[in-house]
Each structure stands twice: as structure tokens, then as C-alpha cells.
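S.K.: Build me a structure from this.
(one chain, ligands or ions: 1)
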Amino acid sequence: MPGVPSVGPSAAGSRSIPRPHQRPGIETRKALCASCDIACSVVTEIQKGRVTRVRSSDNPLFKDNICIKGIVAPKNFANPDRVLYPQKRVGERGSGQWQRVSWDEAMEDIGLRLKKIIAEHGPEAWAVSTSQWNTGTDHGLGRRIMNHVGSPNWISGVALCAGNTAAINRLTYGWYPWPDYDNTNLIVLFGHNPGKNSWVPIYNQIQRVKARGGTLIVLDPRKSECAEMADLWLPIKAGTDAAMAFGWLKVILDEGLYDKAFVERWTVGFEALKKRADEFPLERVSKITGCDAATIAKAARMYATMGPSVIPWTPITDQQRNSTSAIRLQSILRAVCGYLDVPGGEALMGFHPQIISESEIEMHHVLPESQKAKQLGSDKHPAFTYRGQAALREPCKRVWGHEYANQVTGCFMANPSAVFRAMAGEGPYPVKALFSFGNNTLMGFANMPLILKAMLNQDLIVVQEHVMTPTAQLADYVLPGDSWLERPWMFDGYGWLSIYKPSQQSMAPPGECKSTFELWKLTANALGMPEVVPWATLEDFYDYRIAKLGIGFEEFSSTYEVHADTLEFRKYEKTGFATPSGKVELYASILEDLGFDPLPYFRDEPPADPDFPLAMFTGVREGEYFQTGGRHIPEMRARKPEPVLFLSPGTAQQLGLSEHEWVEVETRTGKIEIMVGIRSNMPDGLVRIPHGWWKPETEQGLGKLSGALRYADAMLCPDDDDFIDLEQGIPHLKGLPCRINKLSGAPR
Ligand code: SF4
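M.R.: Now for the predicted structure:
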């Protein structure tokens, strides 16, 4: 998910570190929190070599509050259940029998086994699944090694969370833009709900925009916390973002509210787009979205006339059956209204000219075209794969100076479901080794029963983690990862902001925990290719990346809070856009060449299923937890001890359910147990399910997996053709048919 720069695009520049307030006996460091994916600037306080407190920094964007996940970090990483030494499986897979081994022993065996799998099945038989936070700040080294080995099968949760948004934005105007909150007049949140404990700096930004008289429009099926503070709330039906955006576009085009000069000079396909928008009169949009036509028109007029406006990234639009069209339509609204790459709109930043990006570190050019062609899922669902992004290579080099721009790590990915099917033995070729770093792969994607089958069919699973996650419980090796308190870091804005932020190391890692940098270096050595990761230490690696600044990382991290390129708006006037046509492609030539509709469209909902009469909205984050993490932290569990679904009083009454009752939620894919929470802000018929539940305190090993099989929302989510976006192959999680079954017996 998008990280947040400490300076807005229009104020891009470098900010040096103000000295934090010092107290006797307490050292402080300036750090970036990676307990979620935001990278908030924080201050750590250190006593006797250990971090005792995390507090907010004096940066205006972060000073008002940081969230509880950041505050609890010292306790989180000192948890007695933390994995501190390499563990090797000695019983059957999932039996829970482990032996402590040395790093040397572990890496030698991993190297031998991986080389054997590659020799037998080809390099594409090795899949890697990582996240870019917690343990997983891998700096592009994972992709770099895979590209040298010859495997294209890298996946990440960003496939359905921001990475896919970035990749789809590129199809329209060649880069993923960042909202200029500091100067915008109006913010539109499509279902997104930043709060005091989630996406905190974006919440802070919204407060600042509101405080200076800006406007907020929120589209959300329930009256969320952000909807409560909105100037206009549209109670949109879950999963219908594309139809809503068509409604806005239709009003804006019909009423001539768009930027005619920009459209004429800088877009292709306007007439075809207009014709497509004509298929969406407000009566039709109203019927699909459940919002009344007058409110839809009002919102469209506000967006187009009160600007410059921004539509920030939202995980909600990422996870729908029409995601590609919905993301494209949001891009198109930005462009036709004249909000692209202007102050107060959404800025195209490009690469930082003096710092080597992770995209360059990844070295995608060394992966042969023949291996790129084997990337799983690229035949049916190519949008974010090498195949889908190939036509952007030349334009990207022309405009931004490099062929490969891996933004939010979401470009050039394999399709996760296709990888799991190959791992499960369903072809088109075997995948027999999985590395899962900081990712809890088992619970991080749709169709968990398939992922479980896939993991049980592996010859080698290597996991790097902090605690024994359900994924770790199925591994051959569990390797202990360091935390963000225990390593230096250089945040690169996930590859789409030309803004870099350094983070100082606050304490030494405990036990034998190592950074992902060290782990990838050891992997390269074990595979007999030490030259691929030639830097001796993480600091050496950073020195290499910032060499053009003329200082080393130590000086960089003690001098700067943020280092940003000078931003130039409307750079496209000199270079054109980084698309095949050099213009904003309202009619996307890349999608046409891939065999898809080049215009956005709306694919109707799957047919109603009488056995599953309710709609389920899943993947919901809770402020106490990030994705599947944090359930081992007593302070967080005291606040939120159990998974709780939300439904309306009317639906609860209809089903005879009461508050705190345990029920079973079932779909055609699977079922979970969960507690009932009745909420007056929920619409009738919709069930809201939190993401990523398991209970680390319960029985480990196959058959239980610490409650993952009983509580994880991924058990419910299908990934078959009716429930995926066609271009990307990502799952529809906002509006799935489900039912609720009553449970009898004692509380779980
Ligand atoms: S939002 Fe919270 S968990 Fe995420 S980076 Fe900021 S302080 Fe850390």
C-alpha cells in the first residue's frame, strides 16, 4: 500500500532532521515505522540498548498521532513467542516438530535443495511471495536473484492491494500519481476509511484539508468514520465502483465540465469513451449502485468544479470483479477533469535522479524473454504481468529514463492464483519451491483451501518470520527475521514517489534474527552466485544506492528526514506521457493488443445464488492489526480479542441473531466461525468480515494451524472465473454471496 511522503508533491524538496527532544539517560533515533505499510516518521527512545518507547515525530504530518501498532512495537518485538533462531522441520510437513539449526546449516541445505528443484523442473519451479514491510523490506533483491536464476514467478499481496492499482494506472498515463493533499480542494474516498489507527497520515491529511475548508466526498455502503465527517456521503452498493465512476463521467461529459483543452491536446479515444459513457445514464447507474441519481450527479459536479480534486488510492476498488475498469475510470476522471500532474491534483513524480531505485536493483532486463513468457497467469490475466506491461518499456525509458518501473512492486508480477494452481499440481508446469518472506502466504490471498493444497505439494518451503504463523507451521525452514527497530532502512516510496526517507537502526536484533538483505545475500551465496549481491552489509548497499548524493548512508540518515527530487508539474508538455501513444490513453491500446476491451466497461454481478442470499464484504482491516499480523500481541488482543462480523440490526433480527453470538459464515468456497456485531451504520443484507484472523495461542500444525482453518477470511473467498477481474485475475471481495448459519453450544 502507498507510503506517505513527509512533504507534499508541490513542496517536494529535502527536509533535514530536527533534533528530537532529549531526556537524560535516554537515547533517541529517528525511525520509520514498518508495523504496517505506511512508513510513518517516529522517534524511538532507547535505554540500555533496548527500545523502550516509540513516539510520534515532530513532522507536521505525523506529530498529531501515531497509531497503536507503532506504539506497541517494542512489546511486539520482545514477545516471548518470537522466533529467534533458524528452525528446521524434522517430522512430516505440518507436524510441528522442529530442530534448531545454525544459519550455515540451514542455508547450505536450502541452496542444495533449491538447485536440485531448478535442475529437475527449471527455474520457473521456484516461486517467491513477499511483502515489503515487517521482515520483508527486501530492496528489490528478491526479484534481482530470481531474474538471474530465471524465475518470473514472484507474487505479493500487492496483487490485490495497491500494486495492481499502480499497474493499471500505467496503462492509461504511464505512471502512478500521488495526491497533492497540501493543495487540493476536494478528496474523494471510494470506500477507503483512514482512521486514527489505520493509514494514519492519510487520516491526518484529510483532517488538514477539512480544517482549511476543503471538501470530502465518501462512497461507502456503511456510514463509516470518514463518511461521518464527509460533506457528501454516497451509500454505494459494494462492488459497484466502476458503475459509479461511469455515472460521474457521464454527467461531467454531458455537462461539458471537463478540461477541453487538455482532452483535445493530450488524450486519445475521447469520442469512443463518450459513446461508452452514454451507455450509463444515471437511471442505470442508480439501479446498479443503489444511490439516487440526483446525489450521483451532485457528487460528479462537485468533483469536476470544486477542484483541483484528488481520488487517492483505495483498497476497495482494488478488489472487485470490475477492478481494472474501475481503476481506469478513476484515472480517466483525473485526466479529463484536468487534475493530472497539476498542483492540488495528482502528481507524476518519476524516479529520483540521484538515488538508485529498487526497480533498477531488480534487473528485470537479465530475465530472458523466454522465461518472462512463462510467467504464470500471463496468458489469461496479463494486466500486471511482464506480458501486460511490456508495451510500456520503451515509453517509460523515453519519459522516465528506465525501461522497468516496478511501482508499488505491483508491475511484472505473476498471478497469485495461477501460481497456487501450479504449486498444487494443476499445471501448466510444476512449481515445487516456495519462499515466503514476512508474508503469511497461506492466509494472504483468496481461496485458502487451494493454497493449503499447493503448500502441501511443495518439495521446499522457506519462511522468514517473527512468529510461527500458519504459513511458517507448514515450512521446511523457518528463519528469524529482524524488525524495523533493529535495522537501518531507506524507504523509497514503493517505487512511484521520487521521495526517499532514511530510518536509523535503534537496537541490535535479538538472538540470530537477520535482515531480509542478509537472507537474500546468503541465498545468492548458497546458489553459487555471490556476485549478484556484492555488497557486504546493508549499509554498504545503501551507500551504493545514494553514491550520487556524495554522502554515505550514515550521514544521510543522520542528516535528512526526507530527500526529494524537485518536482516539475506538467512535465508531459516536454516529454509526452509514458504510453505507446505518448498521450493519456482513454482508449487503452495495450488492453486492445492483449485482447481485452480497450474501454472501461461494467460486467454485471454474478448470478444470484438462492442458497447464499447475503452479500459479504471481506478483507476489512482492524486498527489493532496489520493484515494477518499482530494477533500474538497481548495488548492488541485485549482490545480486540475475537473476530467480529458487522451486520445491520434489520439483518440480525431477520436471522434471529444477537450481539456477541458465535455464528458460521459460509460461501461456496468454505466457512468460518465468527462473533456477531450488530451495527446501526450497516446496510441491510451486507456482512462485513475482518481480514486475517488466526489465534497464535491455539494448537499449531496441520489440521488446526492455530485457528487459521477456523477463522481466516481467506477460507471464504473464491478465485474462480465468476469472481475475478478478467484483466488482472484478482478476486472480487466486495459483495460475495454468503449465508450465516447459527451455531449451538458454548462460546468458542
Ligand atoms: S500507521 Fe501505525 S503501524 Fe502504520 S506505519 Fe504508521 S504508526 Fe506504524
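
S.K.: so where is the stretch 201-350 of the chain shaky, pLDDT-wise?
M.R.: Applying pLDDT under 70 to the stretch 201-350 of the chain flags no residue at all.

S.K.: Distance of the residue in it that the ligand sits nearest to relative to Gly344?
M.R.: Nearest residue of the stretch 201-350 of the chain to the ligand: Pro201, at 6.8 Å (Cβ to the nearest ligand atom). C-beta here means a position set from N, CA and C on the backbone, and glycine is covered the same way. Separation of Pro201 from Gly344 (Cβ to Cβ, to the nearest Å): 18 Å.

S.K.: before we move on, what about Asp231?
M.R.: 17 Å.

S.K.: Low-confidence bits of the chain, can you list those?
M.R.: Along the chain, the parts satisfying pLDDT under 70 run over 1-13, 15-22, 132-136, 745-748.

S.K.: so Asn79 makes contact with His632?
M.R.: Yes - Asn79 is within contact range of His632, at 5.8 Å (criterion: Cβ atoms under 8 Å).

S.K.: Give the residues shared as contacts by these two.
M.R.: Listed as contacting both Asn79 and His632 by Cβ atoms under 8 Å, 6 or more residues apart in numbering are Val467.

S.K.: Pick out whichever of those two has more residues nearby.
M.R.: The residue with more neighbours, out of Asn79 and His632, is His632; 21 against 13, by other Cβ atoms under 10 Å.

S.K.: Check the gap between the closest residue to the more buried one other than its chain neighbours and Lys742 for me.
M.R.: Nearest residue to His632 in three dimensions, chain neighbours excluded: Pro696, at 4.2 Å (Cβ to Cβ, 6 or more residues apart in numbering). Using Cβ to Cβ, Pro696 is found at 28 Å from Lys742.

S.K.: same check, this time on Phe280
M.R.: According to Cβ to Cβ, Phe280 stands 41 Å off from Lys742.

S.K.: Now the residue in the stretch 451-600 of the chain that the ligand sits nearest to: closest residue in space that isn't a chain neighbour?
M.R.: Closest contact between the stretch 451-600 of the chain and the ligand, by Cβ to the nearest ligand atom, is at Trp484 (8.6 Å). Nearest non-adjacent residue to Trp484, counting by Cβ to Cβ, 6+ apart: Ala34, 3.8 Å away.

S.K.: what about that neighbour, neighbour count?
M.R.: Ala34 has 28 nearby residues by other Cβ under 10 Å.

S.K.: Number of residues surrounding Thr523?
M.R.: If you count neighbours by other Cβ under 10 Å, Thr523 ends up with 24.

S.K.: The host helix or strand of it: which residues count as buried?
M.R.: Secondary structure from DSSP states H and E places Thr523 in helix 516-526. For helix 516-526, burial by neighbour count (16 or more other Cβ atoms under 10 Å) applies to 516-524, 526.

S.K.: Throw those residues into JSON lines and include distance to the ligand, thanks.
M.R.: As requested, the buried residues of helix 516-526 are exported to JSON lines (distance: Cβ to the nearest ligand atom, whole Å):
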{"residue": "Thr516", "distance to the ligand": "18"}
{"residue": "Phe517", "distance to the ligand": "20"}
{"residue": "Glu518", "distance to the ligand": "23"}
{"residue": "Leu519", "distance to the ligand": "22"}
{"residue": "Trp520", "distance to the ligand": "23"}
{"residue": "Lys521", "distance to the ligand": "26"}
{"residue": "Leu522", "distance to the ligand": "28"}
{"residue": "Thr523", "distance to the ligand": "27"}
{"residue": "Ala524", "distance to the ligand": "30"}
{"residue": "Ala526", "distance to the ligand": "32"}
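
S.K.: Among the residues you listed, find me the one that's closest to Tyr544.
M.R.: Comparing those against Tyr544 with Cβ to Cβ places Phe517 closest, at 12.1 Å.

S.K.: From Tyr587, how far off is the residue nearest to His632?
M.R.: Separation of Pro696 from Tyr587 (Cβ to Cβ): 50 Å.

S.K.: higher neighbour count, these two?
M.R.: Tyr587 (21 against 18).

S.K.: Give the helix, strand or coil label for the closest residue to Ser14 other than its chain neighbours.
M.R.: Spatial nearest neighbour of Ser14, chain neighbours left out: His563 (4.8 Å); criterion: Cβ to Cβ, 6+ apart. What DSSP: H, G, I helix; E, B strand; the rest coil gives for His563 is strand.

S.K.: what's the burial count for His563?
M.R.: For His563, the tally of surrounding residues (other Cβ under 10 Å) stands at 23.

S.K.: Same question for Gly425.
M.R.: Using other Cβ under 10 Å, Gly425 is surrounded by 12 other residues.

S.K.: Was I right to think it contacts Leu456?
M.R.: No - under the criterion of Cβ under 8 Å, Gly425 is not in contact with Leu456, lying 10.1 Å apart.

S.K.: Strands along the stretch 601-748 of the chain, start to end?
M.R.: With DSSP state E, counting those that start in this stretch as the criterion, the stretch 601-748 of the chain has strands at 614-620, 644-647, 662-666, 671-678, 686-690, 734-742.

S.K.: The stretch 301-450 of the chain now?
M.R.: Secondary structure of the stretch 301-450 of the chain by DSSP E, counting those that start in this stretch: the strands cover 309-310, 346-347, 433-437.

S.K.: Quick one: closest of these to Pro24.
M.R.: When the strands of the stretch 301-450 of the chain are ranked by proximity to Pro24 (Cβ to Cβ), strand 433-437 comes first, at 39.9 Å.

S.K.: and that closest one, C-alpha only, in PDB?
M.R.: Output of strand 433-437 as PDB, limited to C-alpha atoms (Å, rounded to 0.1, in the frame of the first residue of the first chain):
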ATOM      1  CA  ALA A 433       9.700 -24.500  -4.100                       C
ATOM      2  CA  LEU A 434       8.100 -21.500  -2.200                       C
ATOM      3  CA  PHE A 435       9.900 -18.800  -0.300                       C
ATOM      4  CA  SER A 436       7.500 -16.800   1.800                       C
ATOM      5  CA  PHE A 437       9.100 -13.800   3.500                       C
END
